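>>> Provide a 3D model corresponding to the input given below.
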Amino acid sequence: MAAHSIVRLLAVEPDVGRFLTAQEWAEAEDLSLPVREVGRGALDVGALLSEANAFAAFILQGMLLERLQVADQPTLRLLGPGDFVSLSANGPSLLAESRCNAAAPTRLAMLGNEILLAARRWPRIVAGLHVQVAGQGERLGIQLAICQLPRVDQRLLALMWLLAESWGTTTAHGTRLPLALTHDALGGMIGARRPTVTLALRELTERGAIVRQSDGWL
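From the prediction side, this is the model:
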């Protein structure tokens with residue numbers, strides 16, 4: 001883990017400043033946040049934030065998988081560039097397990113005293129942060145709705161499009177989604193078993209709806 005760099009907030013996440021006036025933007029343009037880099041593997045988000053004296057962070061690069069388990073049923077949610085992680089309150093008693101894993105080397109910008117002082121000077125930054133967090137929650141709600149679709153192939157294709165809207169890029173051949181997700185991870189995100197996911201992916205591939213690439217999907 002390293003903390004040898006900083007980023008300018010509005011340069012890496014300009015939507016946070018969407019409500020700033022032109023003068024406020026110019027004043028806040030040099031607002032910088034410390035960065036933590038974590039390698040692939042298990043990640044203790046609370047310990048990371050506490051060590052940085054931060055209450056939250058947003059992902060600059062990389063990918064985190066959060067595993068939540070109720071009784072013996074696990075589910076996954078994917079967090080990528082632009083998403084936030086934060087210190088947790090006491091979770092519901094139904095939650096048997098909650099843990100986070102970095103699925104790729106990940107860089108996070110820490111939200112601590114720097115952003116609190118900035119919010120006092122430019123309160124509209126808080127509105128921008130709120131909209132960003134609300135968008136993340138909306139994507140999670142759509143993921144829950146996708147889990148209710150009757151067929152696994154429908155769930156997979158809908159999930160791919162949901163993720164592509166956040167992190168995909170349009171090419172001449174289709175929308176490229178640079179996320180290398182295992183069949184287990186995909187199953188955890190749509191409420192399906194790995195063998196069923198494998199069969200559904202095969203069907204979608206034969207239909208030409210998706211193409212597996214070395215670093216993701218098309």
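>>> What about the closest residue to Gly17 other than its chain neighbours, how many residues nearby?
Nearest residue to Gly17, sequence neighbours excluded (CB to CB, 6 or more residues apart in numbering): Leu10, at 4.8 Å. Yep, even glycine has a C-beta here, placed from its N, CA and C like the rest. For Leu10, the count of nearby residues is 20 (other CB atoms under 10 Å).
>>> Not counting its own residues, what contacts the helix or strand hosting Leu10?
Secondary structure assignment for Leu10, by DSSP states H and E: helix 9-12. Outside helix 9-12, the residues that touch it by CB atoms under 8 Å, 6 or more residues apart in numbering are 16-17, 25, 28-29, 31-33, 60, 109, 115, 118.
>>> export the residues you listed to JSON lines and tack on neighbour count and secondary structure?
Shown next, in JSON lines, are these (neighbours: other CB atoms under 10 Å; DSSP: H, G, I helix; E, B strand; the rest coil):
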{"residue": "Val16", "neighbour count": "25", "secondary structure": "helix"}
{"residue": "Gly17", "neighbour count": "21", "secondary structure": "helix"}
{"residue": "Trp25", "neighbour count": "16", "secondary structure": "helix"}
{"residue": "Ala28", "neighbour count": "19", "secondary structure": "helix"}
{"residue": "Glu29", "neighbour count": "13", "secondary structure": "coil"}
{"residue": "Leu31", "neighbour count": "20", "secondary structure": "coil"}
{"residue": "Ser32", "neighbour count": "14", "secondary structure": "strand"}
{"residue": "Leu33", "neighbour count": "24", "secondary structure": "strand"}
{"residue": "Leu60", "neighbour count": "19", "secondary structure": "strand"}
{"residue": "Ala109", "neighbour count": "25", "secondary structure": "strand"}
{"residue": "Ile115", "neighbour count": "20", "secondary structure": "helix"}
{"residue": "Ala118", "neighbour count": "19", "secondary structure": "helix"}
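>>> Need the max-distance pair from the residues you listed.
Across the contacts of helix 9-12, no pair lies farther apart than Trp25 and Leu60, at 20.2 Å, counting by CB to CB.
>>> starting at the chain centroid, how far to the host helix or strand of Ala185?
Using DSSP H and E, Ala185 sits in helix 183-190. Taking the mean C-alpha point of helix 183-190 and that of its whole chain, the gap between them comes to 15 Å (CA atoms, centre = their mean, to the nearest Å).
>>> Can you list the buried residues in the helix or strand following it?
Once helix 183-190 ends, the next helix or strand along the chain (criterion: DSSP H and E) is helix 194-207. Residues of helix 194-207 classed as buried by neighbour count (16 or more other CB atoms under 10 Å): 196-197, 200-201, 203-204.
>>> Equivalent analysis for stretch 180-188, please.
For stretch 180-188, by 16+ other CB under 10 Å, it's 181, 183, 185-188.
>>> try stretch 47-59
By neighbour count on 16+ other CB under 10 Å, the buried set for stretch 47-59 is 48-49, 52, 54, 56-59.
>>> ok so, going back, which one in the buried residues of stretch 180-188 is the model shakiest on?
Within the set of these, pLDDT is lowest for Leu181 (85).
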